[in-house]
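In: quick check, what structure comes out for this input:
(2 chains)
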Amino acid sequence: RKEVEQDPGPFNVPEGATVAFNCTYSNSASQSFFWYRQDCRKEPKLLMSVYSSGNEDGRFTAQLNRASQYISLLIRDSKLSDSATYLCVVMRQAGTALIFGKGTTLSVSS
Amino acid sequence: GAGVSQSPSNKVTEKGKDVELRCDPISGHTALYWYRQSLGQGLEFLIYFQGNSAPDKSGLPSDRFSAERTGGSVSTLTIQRTQQEDSAVYLCASSAMSGAGTEAFFGQGTRLTVV
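Out: Predicted coordinates for the structure are as follows:
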């Protein structure tokens, strides 16, 4: 089983839609969780950290379920500029490597 | 301020040759990561350095791959006897510390092509 698993998509949605991505991780000792965004042929950049209580940043909401080892990202009111690959990232244990999922591709159309 | 710098940006090498890829992290960042990304694929973890601790080499795919980090700053990833399947973008990232909420900043990568 892969350490971090994501549905690769692609998710094709119209502008204004709400879309949700899911991610599961296998290592129950994992400590920290993130969503990164990667545009085509660019380097990944941090979108948001994911906290146990869930957190929101504008149109983006992240949730963590430690019992199910499950992370989600919700994007509301999708914009054309949201088109990218979204990478689920897990830190194995405190002070260790970041492990990336393969990413979920989102395409927002007008 | 400078971000993470990688060199060269592109490298074409013949099968069987050795290559060295360089990463200059953001000044003061103690954590440094190397990843490999093949076309259309996710980031494959290779190796992780944190301060003076022994590196986590668990992601290195074979003993042809090695990396070092001198003086806690610059890192070099070496691939010996390159194979065509080594062709990929090699990404380096650094972060100020390791823990919840710490952001890893990536360089623009080195695109390696083995012919």
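
In: and chain A, which residues reach chain B?
Out: By Cβ under 8 Å from any Cβ of the partner chain, the residues of chain A that approach chain B are A:31-32, A:42-46, A:49, A:51, A:87, A:91, A:94-103. (Glycine included, C-beta is placed from N, CA and C.)

In: surely residue A:66 and residue A:52 touch.
Out: Yes - under the criterion of Cβ atoms under 8 Å, residue A:66 makes contact with residue A:52 at 6.8 Å.

In: what about the residue of chain B found nearest chain A, how many neighbours?
Out: When scored by Cβ to the nearest Cβ, chain B has residue B:42 as its residue closest to chain A, at 3.3 Å. If you count neighbours by other Cβ atoms under 10 Å in any protein chain shown, residue B:42 ends up with 23.

In: that older thread, could you flag which of the residues of chain A next to chain B are buried?
Out: For the residues of chain A next to chain B, a burial check counting by 16 or more other Cβ atoms under 10 Å in any protein chain shown picks out A:32, A:43-44, A:46, A:49, A:87, A:91, A:95-103.

In: pLDDT score assigned to the residue of chain B closest to chain A?
Out: The model reports residue B:42 with a pLDDT of 90.

In: mind checking the SS state of the residue nearest to it when sequence neighbours are not counted?
Out: For residue B:42, ignoring the flanking residues on the chain, the nearest one in space by Cβ to Cβ, 6 or more residues apart in numbering or on different chains is residue A:102 at 3.3 Å. Following DSSP: H, G, I helix; E, B strand; the rest coil, the label given to residue A:102 is coil.

In: pLDDT weak spots in chain B?
Out: In the predicted model of chain B, residues B:1, B:98-101 satisfy pLDDT under 70.

In: which parts of it sit against chain A?
Out: Counting by Cβ under 8 Å from any Cβ, the residues of chain B near chain A are B:33, B:35, B:41-43, B:45, B:48, B:50, B:56, B:58-59, B:91, B:93, B:98-104, B:106-109.

In: quick check, the residue in chain A closest to chain B?
Out: Going by Cβ to the nearest Cβ, chain B is nearest to residue A:102 of chain A, at 3.3 Å.

In: what's the distance between that residue and residue B:36?
Out: Distance of residue A:102 to residue B:36, computed by Cβ to Cβ, to the nearest Å: 13 Å.

In: next: residue B:67.
Out: Going from residue B:67 to residue B:36 by Cβ to Cβ gives 12 Å.

In: do you have the helices of chain A handy? List them.
Out: In chain A, no helices are found when defined by DSSP state H.

In: the residue of chain B closest to chain A touches residue A:88, doesn't it?
Out: No - using Cβ under 8 Å, residue B:42 is not in contact with residue A:88, being 9.6 Å away.

In: anything in contact with each of the two?
Out: Counting by Cβ atoms under 8 Å, 6 or more residues apart in numbering or on different chains, the contacts common to residue B:42 and residue A:88 are A:100, A:101, A:103.

In: so which of those comes closest to residue A:76?
Out: Of all those, residue A:103 has the smallest distance to residue A:76: 20.5 Å, by Cβ to Cβ.

In: residue B:68: neighbour count?
Out: Residue B:68: 12 surrounding residues under other Cβ under 10 Å.

In: residues contacting it?
Out: B:75, B:76, B:78.

In: TSV for those, including secondary structure?
Out: TSV is the format used below for the contacts of residue B:68 (three-state DSSP):
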residue	secondary structure
B:75	strand
B:76	strand
B:78	strand
